[in-house]
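Q: Below: sequence and its predicted model.
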Amino acid sequence: MKTKFPSEKHYELLAKDFPSVDSDITKSYLEYILICQKTIAKIESYLSKIEMTNSQFLILLCLYVSDKNIDNITNISKKLGISNVTVSNVVKTLQIKGLVERKKLKEDKRFSRVVLNKKGKDFMKNFIPEYYSKYKGLFKEFDKEELLQLQFLIVKLNLAIESMSGKEKFWW
C-alpha cells in the first residue's frame, strides 16, 4: 500500500521544526499543490494521446470562448497567466497544426490577432464533449451544494493569488 505524502507524520515534523508556521495553512497549501500536480499530470497524459499540450488546449479554449473568437497574444497571456513569449510560441505551433491564424490589425500592422480558424473551431466542437466526459468524473462525488462551495473557494483563492501579484515575491 502506498504511503500518502504528505502524511500526518510529515506535518508533525514540519510543526516540530517550524513551530511558528500555521499547520492548517501548510496542510491546505501542500494538499492544494499536490492535487494541482496530479490533475495537470492526468490532463497532460490524456492530451498527449492527441498530440496536444495543456497550454495548446487552454489557448484554443480561450480563443473558442472569446468574443468573436479573436484575441491577441497579450490578452491571452493575461487571461491564462502564461508569459507572452510562451503564448507566442504555442500559437506558432497551433498555426503549424492549422488550428489558428494570425491576422494583422488594419489600424496597426505591427500587431496581430490570433483567430481560431474553421479547422480549430471544428476541432473544439468535436473535442470539448469528449474532454468533458473525462473531467466530469472528477466531480461525480460532489453534490450541487459542494460544487458551488468549491467554486466559491476557487474564486476566493484566485482573488488572493491576484492580490499578491507584485506585492510579495515567491521562490517561483
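A: Cool, got the structure. Here the structure is a predicted model, which is why all the values come from computation and not from measurement.
Q: Show me which residues of the longest helix that the chain contains are buried.
A: Under DSSP state H, the helix in the chain containing the largest number of residues is helix 23-48. For helix 23-48, the neighbour count (16 or more other C-beta atoms under 10 Å) marks 26, 43, 46, 47 as buried. Placement of C-beta: from N, CA and C, glycine included.
Q: can you redo those as JSON lines with distance to residue 95 and pLDDT?
A: Listed next are these as JSON lines, based on distance: C-beta to C-beta, whole Å; pLDDT from 0 to 100:
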{"residue": "26", "distance to residue 95": "44", "pLDDT": "85"}
{"residue": "43", "distance to residue 95": "23", "pLDDT": "91"}
{"residue": "46", "distance to residue 95": "23", "pLDDT": "92"}
{"residue": "47", "distance to residue 95": "18", "pLDDT": "93"}
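Q: Would you mind listing the outside residues contacting the helix or strand that contains residue 85?
A: Element membership for residue 85 (DSSP states H and E) is helix 84-96. If you take C-beta atoms under 8 Å, 6 or more residues apart in numbering as the criterion, helix 84-96 is touched by 53, 55-56, 59-60, 73-74, 76-77, 80, 82, 100-102, 114, 120.
Q: which other residues reach the following helix or strand past that helix?
A: Next in sequence after helix 84-96, counting helices and strands by DSSP H and E, comes strand 100-104. With contacts defined as C-beta under 8 Å, 6+ apart, strand 100-104 is touched by 59-60, 63, 70, 91, 94-95, 111-117, 120.
Q: and if we set it to 10 Å?
A: Under the criterion C-beta atoms under 10 Å, 6 or more residues apart in numbering, residues 56, 59-60, 63, 69-70, 72-73, 88, 90-95, 110-120 lie in contact with strand 100-104.
Q: Which residue lies nearest to residue 59 in three dimensions, sequence-adjacent residues excluded?
A: Of all residues not flanking residue 59 in the chain, residue 90 sits nearest, at 5.5 Å (C-beta to C-beta, 6 or more residues apart in numbering).
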